[in-house]
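Chemist: I need the structure of the sequence given here:
(chains A and B)
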Number of protein chains: 2
Amino acid sequence: MNFKARQNKVREHLATTRLNGLLVSHLPNIRYLCGFTGSAGLLLVQESGSVFITDVRYDTQAHAEVKGAKVVIARKALLEALGEVLAQRKAARRKTAIAIESEHLSVAEKKRLIKFRPASITLKDASAIVEKARMLKDDEELQLIRAAVALGARLFDRAVEVMGPGTTEVEVAAEMELAARRAGAEEMSFPTIIASGARSALPHGRASSRRIPSGAFVVCDFGVILSGYCSDQTRTVWVGKPSEEARRVYQAVWEAQQAGVDAVKPGITVGEVDAATRKVLRKAGLGRFFTHSTGHGVGLEIHESPRVANGQREILQPGMVITIEPGVYFPGKWGVRIEDMVAVTAGGCEVLTPTSKDFLAV
Amino acid sequence: MNFKARQNKVREHLATTRLNGLLVSHLPNIRYLCGFTGSAGLLLVQESGSVFITDVRYDTQAHAEVKGAKVVIARKALLEALGEVLAQRKAARRKTAIAIESEHLSVAEKKRLIKFRPASITLKDASAIVEKARMLKDDEELQLIRAAVALGARLFDRAVEVMGPGTTEVEVAAEMELAARRAGAEEMSFPTIIASGARSALPHGRASSRRIPSGAFVVCDFGVILSGYCSDQTRTVWVGKPSEEARRVYQAVWEAQQAGVDAVKPGITVGEVDAATRKVLRKAGLGRFFTHSTGHGVGLEIHESPRVANGQREILQPGMVITIEPGVYFPGKWGVRIEDMVAVTAGGCEVLTPTSKDFLAV
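Modeler: Numbers count the residues shown, from 1 in each chain, chains lettered A, B, ... in the order given. Coordinates of the predicted model:
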């Protein structure tokens, strides 16, 4: 990964504003900018160079992982150690404006930082500086995302092997997670959703100890983290003999999902992608059962920018990676959701998820 | 769970201050106070009653889970919906002070809340109001924690069955996680640490694809979430024929850990527990290789109050649940850590972790 180039992009942004530095406290942003994968750290990016501060637990790891920043191992609270780093600057008495990540720094942390910083430093609230850069994946990132998606997709094959009436949801999830681990996944990108029967109508039905009943859908929504990058995929399987209604609704969701994929290209807004899926379901008389947004960005985090939702104005650009995941939910009865990950390309998009979307009954 | 009693405790606290309400935004605190287990919500606790706000994804779930609060399903951003709830109060024009959880609300969220709230409402930064209540577990919570710890402990038996020279770390973790799922765990309480060979000297060495070598320790640090409550346990196993030094260091860590457990009783500070483990390792000439703190509280979160660390002054009280986990790490060589969970009782403590601490070689 070209961490220096990423940090330089932040520096270019700072140069266009009246900011002398950025304090990065959000761990995925820290990983993106300097490679650190641990659970505690602060990265200060300044024109003159970067400093990464962590605690003694991460001494060895930080020195091995961090690129493009001087590593400081703090013997006290990180924000206090940061205050000392700021005070020890060569130009410590010169007036300096440091931006904080206002979406990620808590009110209490900012107060502590105000207490520990030298008086010459002013803190400015900033938002999404690194997140905006992270929206556009470089080639190395796209390769890692493709690998994560490919691994994730294999878990669905395993799910179908073990799934059937009488299996518990959690047993299906366990087999998928074992397969993920064996294939090298660091962990799942979110708690695996295996939602069967009436539970399939819950958009967020984490695997429970219920046995999968016949005569309803099973929504399988799952992902892995591989080399730091997330996958996210949903497929929905019918258990037993499918009804006409089940086939009809599944077909409508599929067409809506495909309409979303077909809409993706540089220059249109994410809101237009959302409108494309919604239009198909509205025409099928199912609009009011599609209760969530169409998708979200994916990368080092399972949910990141852009949000693919009604009215959102972010414009698609090559390198963005988003999910397209419309669903239809009949409360108390069953639900269907189909989700692929796609990467925006110069000419449209590359569908990353390889799994068939044909109606499947087990 | 007696959610109303828990909310009333918050109300009593508010009554002793000049606060008219508390906005709870930290999800574990929300779960503690009203039972909601989803990933998006805000709970407003006021004298006159409580309101819980979530989005459409959690409509069914919130109505099923939430106790002691009116449920509002927001069709817009939660903080904006909260602003409307505040504006619709009967006494909307009366001056009102609402506390926010300053450790959990971000700088940007507070700004948005200031924008959306009615002018009659003043926001006050508060800290750890719910966390302080959560430190003292009630009987129902202790039962759930015992069940989580018992399930977690069984995973170590599985680890020992599959572990040996040549097994990959991640395969051991995968087998443990499969056993956890089959036994009903919701998920692991943190990424499973299986750190072998020189990696055992990393206090936070998540399972990797490395094969376990002979002639070094394997640190196994793992936990499950069962009914919302976390377990946390560490055992360290020698692989191959043990050296004298390995036995000696293991014995010292064990004695340090036992000294920590023996120190636990109501009325002493957590700093004294930390000092008890540290003293044993210092006497054994190993003090400088014990590079982290002795432990932490456990409950709905894997790390919660109190911190069991040098100089910390929190006083132990019956109902607190903490870990005791000293370790010794020789960088580049190997490390040892032993960790139990204990519950503070009137007479001392109950060791929750049932697993033997005898030196074990495989």
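Chemist: state the distance from the closest residue to residue A:208 other than its chain neighbours to residue B:39.
Modeler: Nearest residue to residue A:208, sequence neighbours excluded (Cβ to Cβ, 6 or more residues apart in numbering or on different chains): residue A:169, at 5.2 Å. (Each C-beta comes from the backbone N, C-alpha and C, glycine too.) Remark: distance between residue A:169 and residue B:39 (Cβ to Cβ, to the nearest Å) = 18 Å.
Chemist: more neighbours, the two?
Modeler: Each of residue A:169 and residue B:39 has its neighbours counted (other Cβ atoms under 10 Å in any protein chain shown); residue A:169 has more, 25 against 14.
Chemist: run through the strands of the stretch 251-362 of chain A in chain order.
Modeler: Secondary structure of the stretch 251-362 of chain A (DSSP state E, counting those that start in this stretch): strands at A:295-297, A:304-308, A:321-324, A:327-330, A:334-337, A:340-344, A:349-351.
Chemist: what's the closest of the ones you listed to residue A:111?
Modeler: strand A:304-308 (27.5 Å; Cβ to Cβ).
Chemist: contacting residues around the longest helix seen in chain A?
Modeler: Longest helix in chain A by number of residues, with DSSP state H as the criterion: helix A:139-162. With Cβ atoms under 8 Å, 6 or more residues apart in numbering or on different chains as the test, helix A:139-162 has contacts from A:1-2, A:137, A:171-172, A:175-176, A:179-180, A:183-185, A:194, A:220, A:222-233, A:235, A:237, A:298-299, A:319, A:321, A:341, A:343, A:352-355, A:360, A:362.
Chemist: helix or strand next in line after that helix, which one?
Modeler: helix A:169-182 (DSSP states H and E).
Chemist: other SSEs contacting that following helix?
Modeler: Packing contacts for helix A:169-182, counted by 3 or more Cβ pairs under 8 Å, 6 or more residues apart in numbering or on different chains; DSSP states H and E, involve helix A:139-162, strand A:193-196, strand A:216-222, helix B:169-182.
Chemist: ok now it, how far from the chain's centre?
Modeler: 21 Å (Cα atoms, centre = their mean, to the nearest Å).
Chemist: next, the angle strand A:216-222 makes with it.
Modeler: Comparing the axes of helix A:169-182 and strand A:216-222 via axes from the mean of the first three to the mean of the last three Cα atoms, to 10 degrees yields an angle of 30 degrees.
Chemist: would you indicate which residues of helix A:169-182 are buried?
Modeler: A:169-181 (16 or more other Cβ atoms under 10 Å in any protein chain shown).
Chemist: among those, which pair sits farthest apart?
Modeler: Across these (Cβ to Cβ), the longest gap, 18.9 Å, separates A:169 and A:181.
Chemist: state the mean pLDDT of stretch A:120-130.
Modeler: In this model, stretch A:120-130 carries a mean pLDDT of 96.
Chemist: what comes up buried for it?
Modeler: Here stretch A:120-130 shows A:121, A:123, A:126, A:127, A:128, A:129, A:130 as buried, counting by 16+ other Cβ under 10 Å.
Chemist: kindly report the same for stretch A:277-290.
Modeler: A:277, A:278, A:280, A:281, A:284, A:286, A:289, A:290.
Chemist: ok, and for stretch A:61-69, which residues are buried?
Modeler: For stretch A:61-69, by 16+ other Cβ under 10 Å, it's A:61, A:62, A:65, A:66, A:67, A:68, A:69.
Chemist: my bad, stretch A:266-276
Modeler: Buried-residue list, stretch A:266-276, by 16+ other Cβ under 10 Å: A:266, A:269, A:270, A:271, A:272, A:273, A:274, A:275, A:276.
Chemist: count the residues that sit near the nearest residue to the fifth one once chain neighbours are set aside.
Modeler: Just to be clear, that refers to residue A:272. Among residues not flanking residue A:272 along the chain, residue A:263 sits closest, at 6.2 Å (Cβ to Cβ, 6+ apart). When neighbours are counted by other Cβ under 10 Å, residue A:263 registers 21.
Chemist: can you tell me how far the residue lying farthest from the centre of chain A sits from chain B?
Modeler: Residue farthest from the centre of chain A, counting by Cα atoms, centre = their mean, is residue A:93 at 40.3 Å. Note on residue A:93: its distance to chain B, by Cβ to the nearest Cβ, to the nearest Å, is 26 Å.
Chemist: contacts only, for the residue lying closest to that residue once chain neighbours are set aside.
Modeler: Nearest-residue entry for residue A:93: residue A:120, 5.4 Å, with adjacent residues in sequence omitted and distances by Cβ to Cβ, 6+ apart. Residues in contact with residue A:120, defined by Cβ under 8 Å, 6+ apart, are A:92, A:93, A:94, A:95, A:96.
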